[in-house]
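Undergrad: predicted model and sequence follow; I will ask about them next.
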Amino acid sequence: MAADDEPIRIPITDVFDLHSVPPRDAEAVVEAYLEEAHRMGLKALRIIHGRGVGVQRRMVRAVLARTPFVVSYSDAPMEAGGWGATIVTLR
C-alpha cells in the first residue's frame, strides 16, 4: 500500500471543515464523520462546506437527509458561516 493510500485520520469534534478533504472523498468522509460523531454522543455539529456553487452543500445535505440519527439540519447563523456551513442536530 502506497503512502497516498493511507487513511487520513481526522479528529472528531463538533466542527468539521470539508476544505481539507478531496472532493472525490467528501461524501464517504461525511458519512464516516457522522457515524463517529454519533457514536461519541455528540448532539450538535457544524459542517463547513464553503459557499462556492453549492455542490458540496447539496452533497452534505443529501447525506444528512438519508442518515437515520440526524434530527435536523439548517444553514449556520451568519457568524458561524451562513450558507457556507450546515448546523446538524443528532439524536
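TA: Noted; the coordinates are in hand.
Undergrad: the helix or strand Phe16 falls within: partners in the sheet, and parallel or antiparallel?
TA: Under the assignment given by DSSP states H and E, the secondary-structure element containing Phe16 is strand 15-17. Sheet neighbours of strand 15-17, with direction, are listed as strand 44-48 (parallel) (DSSP bridges).
Undergrad: flag every buried residue along the strand it pairs with.
TA: Neighbour-count burial for strand 44-48, with 16 or more other Cβ atoms under 10 Å as criterion, is recorded at 45-48. Where you see a C-beta, it was placed from the backbone N, CA and C, and this is true even at glycine.
Undergrad: now swap in stretch 76-91 and tell me
TA: With burial defined by 16+ other Cβ under 10 Å, the residues of stretch 76-91 counted as buried are 76, 81, 84-88, 90.
Undergrad: for the strand holding Phe16, what is the average pLDDT?
TA: On average, the pLDDT along strand 15-17 is 96.
Undergrad: which of the buried residues of strand 44-48 sits closest to Val30?
TA: Of all the buried residues of strand 44-48, the one sitting nearest Val30 is Ile47; the distance, using Cβ to Cβ, is 6.9 Å.
Undergrad: and that closest one, what does it touch?
TA: If you count contacts by Cβ atoms under 8 Å, 6 or more residues apart in numbering, Ile47 has them with 15-16, 18, 30, 33, 60, 85-86, 88.
Undergrad: these two touch, right, Ser72 and Thr89?
TA: Yes: the criterion here is Cβ atoms under 8 Å, and Ser72 meets it with Thr89 at 4.7 Å.
Undergrad: thinking again about what came up before, any chance of the buried residues of stretch 76-91 in JSON lines with distance to Ala26 as columns?
TA: Rendered in JSON lines, the data for those read as follows (distance: Cβ to Cβ, whole Å):
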{"residue": "Ala76", "distance to Ala26": "18"}
{"residue": "Gly81", "distance to Ala26": "17"}
{"residue": "Gly84", "distance to Ala26": "15"}
{"residue": "Ala85", "distance to Ala26": "14"}
{"residue": "Thr86", "distance to Ala26": "13"}
{"residue": "Ile87", "distance to Ala26": "18"}
{"residue": "Val88", "distance to Ala26": "15"}
{"residue": "Leu90", "distance to Ala26": "19"}
